[in-house]
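Undergrad: Everything below, folded, please.
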Amino acid sequence: MGQPSKRLREIAKKFDFNKKIGMKEAIENLKSCPSVKFDQTVDISLRMGVDPRKADQLVRGTVTLPNGTGKEISILVFAEGDRLSEALAAGANFAGNDELLEKVSGGWTAFDAVIATPGMMRNVGKLGKVLGPRGLMPTPKAGTVTTDIAKAIHELKMGKVEFKLDKHGVINNAVGKLSFSLDFLYANILSFVQAVLKAKPSGAKGNYLQSIVVSSTMGPGFKIDLREFLAEK
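TA: Got it, this is the predicted structure:
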């Protein structure tokens, strides 16, 4: 293993990573790290006290981040007839049916979100091997299988994100850009955590939310004191 870079050595000297801190302090710490040449994404990782192997303990839902994600997302819509022009007029980057189904089946994934009308799902479902591993499969629960295409596109453009538990019992999501103000990032994070708390499944026992870590693309991870979020609940 090579030696850590000068930047990483500077970061390691500056912070105590074993200490749990408030979220605003963590955001300020990330902002104070030596800069890089791009606008880093801020990520949040929540370890949940549930068993992902049990159907009654799965955690999944959506939340609209009040200040958006900071990312211009590319949206693909599977539809037919007049819905195609509706999708394009509403801001979809790609809209189609058979030709796009074949293209995606071949491995093309140059998009960030997929919306489909209910009538298209029989064919879209066949793309599970391509869309599933990338978290792109549209679902009614996420509002991405719908007849109201314009509304779904608008919500995604405004910062609606889906969260779900992975096989390790962790929820990982992007919650904004490091260039966002402290207040904007904090508001996004607060909304996100509250949405996860509200999505507590019936089978959850004991401590539902066990830990939070916030980090940036090229920055360290900071452990968060949970008391402020549990008090907000």
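Undergrad: Not counting its own residues, what contacts stretch 211-231?
TA: With contact meaning Cβ atoms under 8 Å, 6 or more residues apart in numbering, stretch 211-231 is reached by 11, 15, 17-23, 26-27, 29-30, 33, 36, 38, 40-47, 178, 189-190, 193-194, 197, 209. Using the backbone N, CA and C atoms, a C-beta is placed for each residue, glycine as well.
Undergrad: Could you identify the helix or strand that succeeds the top helix by length along the chain?
TA: Scanning the chain for the longest helix, with DSSP state H as the assignment, gives helix 182-198. Following the chain from helix 182-198 toward its C-terminal end, the next helix or strand by DSSP states H and E is strand 209-216.
Undergrad: Tell me the strands beside that following strand, with direction?
TA: If you go by DSSP bridges, strand 209-216 pairs up with strand 41-48 (antiparallel), strand 221-223 (antiparallel).
Undergrad: which non-adjacent residue is nearest residue 165?
TA: Counting by Cβ to Cβ, 6 or more residues apart in numbering, residue 59 is the residue found nearest to residue 165 once chain neighbours are left out, at 4.3 Å.
Undergrad: Surely that neighbour is in contact with residue 47?
TA: No - with contact defined as Cβ atoms under 8 Å, residue 59 does not count as touching residue 47 (11.3 Å).
Undergrad: more neighbours, the two?
TA: It is residue 59, of residue 59 and residue 47, that has more neighbours when counted by other Cβ atoms under 10 Å, with 21 against 15.
Undergrad: contacting residues around the more buried one?
TA: Taking Cβ under 8 Å, 6+ apart as the criterion, residue 59 is in contact with 48, 50, 163, 164, 165, 171, 196, 199, 200, 201.
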